[in-house]
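1. Generate a structure from the sequence data that follows.
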Amino acid sequence: MTAIGTDLTTNFDNFVVRLNAIGAVATADQITSSGVALTFTSGAVVEANNIFNIIALSTASNTATGILLNAGTTLSQILKNNITGVRQPNTGGWSAYGINVSTTTSTDGILFANNTIS
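-> Numbering: from 1, shown residues only. This next block holds a predicted model:
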């Protein structure tokens with residue numbers, strides 16, 4: 001799931017992602033980048049989701065992330081999410097994150113509470 005505002009003055013406000021299963025068991029259906037991605041979003045709530053099997057392709061040059069908070073994500077809450085099986089099998093130096101916070105442009109006022117990552 002992705003929410004993208006235009007910039008700091010045109011945020012995508014009050015986006016709620018709650019009580020979802022985000023991921024897939026079947027390899028052909030797996031998410032290969034981010035389970036939830038927020039950019040220029042204010043007041044978002046990402047709560048009580050089961051995010052699983054976020055697996056980048058072995059040839060991919062991207063980061064695999066359960067929850068990605070990109071530039072301009074502010075005043076948001078990331079609560080009670082269960083994140084499992086986030087992997088980046090490419091040996092070329094790419095990463096995998098349960099939760100990734102970008103600090104390139106104003107990411108402040110974010111509450112993280114009771115998330116599990118394994």
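2. Which secondary structure element is home to the residue nearest the centre of the chain?
-> Geometric centre of the chain, nearest residue: Ile67, 1.7 Å, by C-alpha atoms, centre = their mean. Using DSSP states H and E, Ile67 maps to strand 64-69.
3. what pairs with that strand, and is each one parallel or antiparallel?
-> strand 34-39 (parallel), strand 96-101 (parallel) (DSSP bridges).
4. of all those, which gets the most neighbours per residue?
-> Most buried of the strands paired with strand 64-69 by mean neighbour count (mean count of other C-beta atoms under 10 Å) is strand 34-39; its value is a mean of 24. From N, CA and C alone the C-beta is placed, and that goes for glycine too.
5. so which of the strands paired with strand 64-69 comes closest to Gly5?
-> strand 34-39 (6.6 Å; C-beta to C-beta).
6. so Thr2 bridges to which residues?
-> Ala37.
7. What's the separation between it and Pro89?
-> 23 Å (C-beta to C-beta, to the nearest Å).
8. Compare the two (neighbour count), which wins?
-> Neighbours were tallied for Thr2 and for Pro89 using other C-beta atoms under 10 Å; the higher tally belongs to Thr2 (16 against 13).
9. Give me the residue ranges of the protein where confidence is low.
-> In the predicted model of the chain, residues 8-10, 103-106 satisfy pLDDT under 70.
10. Could you pull out the strands in it for me?
-> For the chain, the strands defined by DSSP state E cover 2-4, 12-13, 16-18, 21-22, 34-39, 41-42, 45-47, 50-55, 64-69, 77-79, 82-87, 96-101, 111-113, 116-117.
11. Give me the helices and strands touching the first one, please.
-> Going back to what we said before, that points to strand 2-4. Judged by 3 or more C-beta pairs under 8 Å, 6 or more residues apart in numbering; DSSP states H and E, strand 2-4 is in contact with strand 34-39.
12. and the strand it packs on with strand 50-55, angle?
-> Angle of strand 34-39 versus strand 50-55, following axes from the mean of the first three to the mean of the last three C-alpha atoms, to 10 degrees, is 100 degrees.
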